[in-house]
Structure formats: structure tokens, C-alpha cells
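1. here is a sequence together with a model predicted from it:
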Amino acid sequence: MKSVKKGKKVFIHKAAYVAGDVTLGDGANIWCGACIRGDIAPVVIGRNTNVQDNATVHVGYGAPAVLGDNVTVGHNAVVHGAEVGNNTLIGMGSIVLDGARIGEDCVIGAGTLIPGRKEIPAGSLVFGNPYRIVRALTPEERAGIAANAEEYLRLAEEYRAAGEGE
């Protein structure tokens, strides 16, 4: 199995699991109980992206997982063999399945299911099971995604200083 490649200032909480063909961009931060496995295809996680508590990022056969820059994967969310564009928030408990493509600047609301091979256009607010594109994001909502990524960078430094991870 390939080994994990880490950029600068990556934070991995001591209670997270990261293994296999995984690339973590500069400032990526992986939190308590998160599981990231690049065993049968690669996982690529962009700059300043946070994978929160108990979230899972995994792959399928021929279905890598690619998270862009400044992405938030909320608590207990699952991204399985899917692509997530820059500056996107995957809400708590959401599930994004193999071959799905989420555009840049999107919010996938808490508990939403995105089935495999579905494509979500950039700038969308999406909720539900089955999912529904509700409307375009406002400039304030887009700024909120960036602010969340920045807050998790700050928290990562605080936790690193407290000896809670590498």
C-alpha cells in the first residue's frame, strides 16, 4: 500500500486514521475519529481543507476521492469516491457517493444524500434525501465557507500546540 503524502502545516488529530494513497495539501486538517482510506484508489485533499470529527473519505474501484481547496467535510459526513470542488461545505451527516461531482462554492446541507454519478453545479445550495438544488448561494454564504476553513486552520494550530496531533 502506498504511503500518505503531507504538505506543509498539515494537522492530523491523534484519534484520526489516515492510510494508503492519500495526499494532504498544505494546511489540511483532519479531526478526531475521521477516517481517510486510499486503499484501492487515491484520495487527494486540497489546501486548508478540513475533515471533521467522525467523517469518512474513502474510494471505490476506479473512483478516487478528490476534495478541493478550502473544503469543509462536516461531522459524520461520508465522501465516497466523489469529487468536491473548491470552497464547498459538505454538511454534517451528508453522504456523497461514487462518481458524484460537486461544483465549487456549494453547500450540501446536513443529512443530504448525493447519489453516485450526480453532478451539482457550482454555487448551489442543496438539501434533502433525495437531494434538491434549492437556489444559488449568496455572496455572504460563500464568504461563510471561507471563514469556516480559516477557523479550522486556527483550531488546528491550537490543537497542535496542545499536543493533540501532528
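-> Ah, there it is.
2. and the closest residue to residue 81 other than its chain neighbours, how far is that from residue 154?
-> If the residues on either side of it in the chain are set aside, residue 81 comes closest to residue 63, at 2.9 Å by CB to CB, 6 or more residues apart in numbering. For every residue, glycine as well, the C-beta is placed using N, CA and C. Using CB to CB, to the nearest Å, residue 63 is found at 33 Å from residue 154.
3. before we move on, what about residue 90?
-> 20 Å.
4. show me what the longest strand along the chain is packed against.
-> Longest strand of the chain, by residue count under DSSP state E: strand 35-45. Counting contacts by 3 or more CB pairs under 8 Å, 6 or more residues apart in numbering; DSSP states H and E, strand 35-45 is packed against strand 17-24, strand 56-58, strand 65-67.
5. what mean pLDDT does it get?
-> Strand 35-45 shows a mean pLDDT of 98.
6. which outside residues touch the helix or strand just after that strand?
-> Proceeding N to C from strand 35-45, the next assigned helix or strand is strand 50-51, under DSSP states H and E. The contact list for strand 50-51 (CB atoms under 8 Å, 6 or more residues apart in numbering) reads 16, 28-31, 34, 36, 45, 57, 67, 71-73, 148-149, 152-153, 156.
7. more neighbours, residue 63 and residue 154?
-> A count of neighbours by other CB atoms under 10 Å puts residue 63 above the other of residue 63 and residue 154, at 19 against 10.
8. so which strand or helix has residue 153?
-> helix 139-161.
9. for that helix, the distance to its chain's centre please.
-> Relative to its parent chain, helix 139-161 has a centroid offset of 13 Å by CA atoms, centre = their mean, to the nearest Å.
10. can you give me the buried ones in it?
-> 141-142, 145, 148-149, 152-153, 156, 159-160 (16 or more other CB atoms under 10 Å).
11. what's across from residue 136 in the sheet?
-> residue 124 (DSSP bridges).
12. residues contacting it?
-> With contact set as CB under 8 Å, 6+ apart, residue 136 has these partners: 123-125.
13. looking at the residues you listed, which is nearest residue 53?
-> residue 125 (23.5 Å; CB to CB).
14. grab the nearest non-local neighbour of residue 155.
-> residue 29 (7.5 Å).
15. dump the residue contacts of that neighbour.
-> Residue 29 neighbours (CB under 8 Å, 6+ apart): 10-12, 48-51, 152-153, 155-156.
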